[in-house]
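S.K.: Based on what follows, work out the 3D shape:
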Amino acid sequence: MEKINTGRVIAGGLLAGLVMNISESLLNAVVLAKDVEQVMGSLNLPPVGGGEIAKLVALTFFVGIGAVWFYAAIRPRFGSGPKTAALAGLVLWALVYLYSAVVGSTIGFFPAKIYMIGAVWELVATLIATLAGAAVYKEAESRQIGLKEAIQ
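M.R.: Below you'll find the model as predicted:
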């Protein structure tokens with residue numbers, strides 16, 4: 001079994017994280033902005049600040065790297081390509097976004113509508129991001145050596 005190409009995981013993961021961060025910016029600053037602002041106001045909570053946003057952006061890059069790492073990890077079993085990348089993205093989405101939406105809507109901090117919109121949005125975004133990151137990923141090239149080189 002070939003080793004995972006860590007450099008390509010990071011490069012592809014940063015691309016995936018960038019796609020996810022752009023998507024989440026649109027989701028939170030445009031699509032859900034009024035709904036979230038209303039809920040935060042009703043709870044007497046301030047808007048999310050720059051420090052919190054910076055942490056979330058960094059975390060999302062980590063999620064992108066995790067998506068490409070997972071893709072690289074399952075490639076030997078499922079083969080390389082878009083189907084495997086989509087499977088990796090789907091699993092990541094279920095573990096991160098769907099789980100959070102179910103827990104959050106069960107607790108009731110935000111209305112279920114916000115969680116449902118977010119979960120569907122993130123499904124599309126995670127699939128696109130994982131496909132983009134996986135396109136960057138390539139296995140490390142293994143060099144074949146001859147008997148003469150092996151003995152030396």
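S.K.: show me the contacts for A16.
M.R.: Counting by C-beta atoms under 8 Å, 6 or more residues apart in numbering, A16 touches G64, I65, A67, V68, A129, T130, A132, G133. Where you see a C-beta, it was placed from the backbone N, CA and C, and this is true even at glycine.
S.K.: Could you look up the next helix or strand downstream of the helix or strand where it lies?
M.R.: Using DSSP states H and E, A16 falls within helix 6-26. Using DSSP H and E, the helix or strand that follows helix 6-26 in sequence is helix 33-42.
S.K.: Next secondary structure element downstream of that next one?
M.R.: According to DSSP H and E, the helix or strand after helix 33-42 is helix 50-78.
S.K.: buried set for the next helix or strand after that next one?
M.R.: Once helix 50-78 ends, the next helix or strand along the chain (criterion: DSSP H and E) is helix 82-93. Using 16 or more other C-beta atoms under 10 Å as the test for burial, helix 82-93 gives T84, A85, A86, L87, A88, G89, V91, L92, W93.
S.K.: Next: stretch 40-59.
M.R.: Buried positions in stretch 40-59, judged by neighbour count with 16+ other C-beta under 10 Å: V57.
S.K.: same thing with stretch 110-121?
M.R.: Applying 16+ other C-beta under 10 Å to stretch 110-121 flags F110, I114, Y115, I117, G118, A119, W121 as buried.
S.K.: which secondary structure element contains the fourth one?
M.R.: Secondary structure from DSSP H and E places I117 in helix 112-136.
S.K.: Please name every helix or strand in contact with that helix.
M.R.: For helix 112-136, the packing partners by 3 or more C-beta pairs under 8 Å, 6 or more residues apart in numbering; DSSP states H and E come out as helix 6-26, helix 33-42, helix 50-78, helix 82-93, helix 99-107.
S.K.: Arrange the ones you listed in a markdown table, one row each, with mean pLDDT and distance to K138 as further columns.
M.R.: Formatted as a markdown table, those follow (pLDDT from 0 to 100; distance: least, C-beta to C-beta, whole Å):
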| stretch | mean pLDDT | distance to K138 |
| --- | --- | --- |
| helix 6-26 | 97 | 6 |
| helix 33-42 | 91 | 39 |
| helix 50-78 | 96 | 10 |
| helix 82-93 | 97 | 13 |
| helix 99-107 | 92 | 31 |
